[in-house]
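Participant: Just the structure for this:
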Amino acid sequence: MALTKERKAELVKKFGKNEKDTGSVQVQVALLTEQIKALTAHLKKNHKDAASKRGLMILVGQRRSLLDYLVRTDREAYLKLIVELGLRK
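Facilitator: Numbers count the residues shown, from 1 in each chain. Here you go, the predicted model:
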């Protein structure tokens, strides 16, 4: 379920300012979105896995907090990011 190094590097390169920019909000949201997608697929097969469901809710909350911060600080970047990731407002 964990992201591979190659996939992480690809996301960092796409959403970050450079290859080393792992701390920007856009990169963090993109990485969390990939983890959420993987956990969602896992939970569709294993719907009784309560620990994974709890982990998923934690990740969704973290992503929501980061997106709220991005709206407050840079609305244009927020709008661009949700379109690229296919997220709802």
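Participant: hey, let's count contacts and neighbours off CA atoms from now on
Facilitator: Noted.
Participant: what residue ranges in the chain are flagged as low confidence?
Facilitator: Regions of the chain meeting the criterion pLDDT under 70 cover residues 1.
Participant: Could you check how far the closest residue in space to residue 71 that isn't next to it in sequence is from residue 16?
Facilitator: Nearest residue to residue 71, sequence neighbours excluded (CA to CA, 6 or more residues apart in numbering): residue 78, at 5.7 Å. As judged by CA to CA, to the nearest Å, residue 78 and residue 16 stand 14 Å apart.
Participant: Just the residues contacting the helix or strand hosting residue 69, thanks.
Facilitator: Element membership for residue 69, per DSSP states H and E: helix 50-73. Helix 50-73 has contacts (CA atoms under 8 Å, 6 or more residues apart in numbering) with 25, 28, 29, 32, 33, 35, 36, 39, 40, 43, 77, 78.
Participant: Quick one: which of the residues you listed is the most crowded by neighbours?
Facilitator: In terms of neighbours by other CA atoms under 10 Å, those top out with residue 29 at 24 neighbours.
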